[in-house]
Structures are given as C-alpha cells and as structure tokens.
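In: Can you look at this prediction? I've put the sequence above it.
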Amino acid sequence: AAVSPLLPCSEHFAAKLAEAVERVVVDDFFRGDGSMGKRSAQLGMREHYRLLGLEHLYEEETADRFVGELGKLMKPGAVYFGHEGFMP
C-alpha cells in the first residue's frame, strides 16, 4: 500500500493498515513532493491544515511517527519511507 502523502487519519489507521497489507510505503508533503516541500507550500497545504484545526499535524515528524508505529506492527523490511519504497 502507498500512503503518499500521509493525510490526517485516525489513531487506528496504522493497525488497520498493518492487518491488511504486507508492505507499506509512506511519504509526506515535505520530502515526497519532489521539490523538498516547495510544491506543497505553493498549493497552500499548511493553510488548509490550519483551517481544519490540524496545523499540529503538518510537520515531518507526523509521518516519522506513523512509520514508527507501522514498524512496531509489521515484519522487518515491510515499511518504507519515500522513493526507496517504490524501487523493485
């Protein structure tokens, strides 16, 4: 499964995903938009999050925490971040 970019989700999403798939690739608005976050900034993503009251989730650490959660729930080597996860 590809979670790219990681959007706001429930606290149960990582567990449900781990139950459903064998491999996951996660990406975010900063490192995964191909321009080190510039494209996401031009689209006003931070403002969209702010308007929804979710500005605390618009940070790189959100995806890092999600990857960490998945890593605890899945087999070693089953969770990837960014373009390396799309490689054969």
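Out: Looks like it arrived, so ask away.
In: what about the strands in the chain?
Out: With strands called from DSSP state E, the chain shows them at 2-3, 24-26, 79-81.
In: Residue 11 is nearest to which of the ones you listed?
Out: Distances from residue 11 to each of these were compared using Cβ to Cβ; the minimum, 14.9 Å, belongs to strand 2-3. Using the backbone N, CA and C atoms, a C-beta is placed for each residue, glycine as well.
In: how close does residue 68 get to residue 79?
Out: 9 Å (Cβ to Cβ, to the nearest Å).
In: Check residue 13 too.
Out: 14 Å.
In: okay, these two: which has more neighbours?
Out: residue 79 (23 against 16; other Cβ atoms under 10 Å).
In: how near is the closest residue to residue 28 other than its chain neighbours to residue 88?
Out: Nearest in space to residue 28, with sequence neighbours left out and distances taken as Cβ to Cβ, 6 or more residues apart in numbering, is residue 63 at 3.9 Å. Here residue 63 is placed at a distance of 23 Å from residue 88 (Cβ to Cβ).
In: ok, those two, which is more surrounded?
Out: Counting neighbours by other Cβ under 10 Å for residue 63 and for residue 88 shows that residue 63 has the greater number, 23 against 2.
In: Report the buried residues of the longest helix along the chain.
Out: Among the elements of the chain assigned as helix by DSSP state H, the one spanning the most residues is helix 60-73. Buried residues in helix 60-73, defined by neighbour count with 16 or more other Cβ atoms under 10 Å: 62-63, 66-67, 69-71, 73.
In: Equivalent analysis for stretch 4-17, please.
Out: With burial defined by 16+ other Cβ under 10 Å, the residues of stretch 4-17 counted as buried are 4-6, 13-14, 17.
In: Which one of these is nearest to residue 35?
Out: Lowest distance from residue 35 to those (Cβ to Cβ) belongs to residue 5, with 13.1 Å.
In: Which pLDDT does the model give the closest one?
Out: The predicted local distance difference test score for residue 5 is 92.
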